[in-house]
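Colleague: Here's my sequence, what's the structure:
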Amino acid sequence: MAALQIRLLGDPALRRKAQPVTAVDDEIRRLMDDLLETMYAADGVGLAAPQVGVSGRVFVVDLRDPAVPPFGLVNPVVLEQSQETDRGEEGCLSIPGLREIVERPARVVVEGLDREGLPRRIEADGLLARVLQHEIDHLDGVLFIDRVSPLKRQMLLKRWRKLKVES
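Modeller: Numbers count the residues shown, from 1 in each chain. All right, here's what the predicted structure looks like:
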C-alpha cells in the first residue's frame, strides 16, 4: 500500500467523468488499498479514484463506525433516492479547509461491486448516505461546492483562493 497525492481544486482530473472499471482485479484491489491509506493519512471518511488522478469508477469509505466496516465500491450506481432531503456539513479532501452545508436526498440505495467483484447493495441514510452521494459525485466530476447556491459557491471559491495564498 502507498499513500497517493490528493489532487486539489483546479486539477482537471477532478472535473472529468471517471471511466467504468472493466474487471475487479489485483490492480483495482491495490488501488482500493492505496485509496484507504491515502484517506486515513488525510483523516477523511471517503476518497474516490479521481481525487488521486485515476480515471476509474472506484471509491472507498470508512465512517470509523464499528457498525459499518471500511469498504470500497466499483462502478457504483444510485438506484433509488428519497424525495426527503437532509442538510449537513460537507468538506472534501480535494478542497481542504472549506466546509459548507449541502442538501442531499436523505436516503439512497446504491449498487456496485465489492473488492472481490461481487455485487453489493447498500441501503443508507444519515452520514453513510451523504458520503456515498459525495463520492459518486466525484466519479461524475462533481464537487460539493457545485451543490450549493451560486452565491455560496462564489464565497467558497474566494475563501479557497485566500487559503491557497496563505499556504
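
Colleague: neighbours around G44, how many?
Modeller: 21 (other Cβ atoms under 10 Å). Heads up, the C-betas are built off the backbone N, CA and C, glycines and all.

Colleague: Number the chain from 47, please
Modeller: With the count now opening at 47, the last piece we talked about shows up as G90.

Colleague: my read: it touches S140, true?
Modeller: No. Look at G90 against S140 with Cβ atoms under 8 Å: they stay out of range, at 9.8 Å.

Colleague: After the longest strand seen in the chain, which helix or strand is next? Please name it.
Modeller: Counting residues, the longest strand found in the chain (DSSP state E) is strand 117-127. Counting by DSSP states H and E, the next helix or strand C-terminal to strand 117-127 is strand 131-137.

Colleague: Buried residues in that following strand, which are they?
Modeller: Neighbour counts over strand 131-137 (16 or more other Cβ atoms under 10 Å) mark D132, E136, G137 as buried.

Colleague: how about that strand as CSV, C-alpha atoms only?
Modeller: Provided in CSV are the C-alpha atoms of strand 131-137 (Å, rounded to 0.1, in the frame of the first residue of the first chain):
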residue,chain,number,x,y,z
THR,A,131,-33.8,15.7,1.9
ASP,A,132,-31.3,16.2,4.6
ARG,A,133,-28.9,19.2,5.1
GLY,A,134,-25.5,18.5,6.5
GLU,A,135,-22.0,19.9,6.6
GLU,A,136,-19.6,18.6,4.0
GLY,A,137,-15.9,19.0,3.3
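
Colleague: strands paired with it, and their directions?
Modeller: Sheet pairing for strand 131-137, assigned by DSSP bridges, gives strand 145-151 (antiparallel).

Colleague: neighbouring contacts of the partner strand?
Modeller: Residues from elsewhere that reach strand 145-151, judged by Cβ atoms under 8 Å, 6 or more residues apart in numbering: 127-137, 175-176, 179, 190-191, 193-194, 198, 202.

Colleague: one more time with 6 Å
Modeller: The set of residues external to strand 145-151 that reach it, using Cβ atoms under 6 Å, 6 or more residues apart in numbering, is Q127, S128, T131, R133, E135, E136, G137, R176, Q179, F190, R193, V194.
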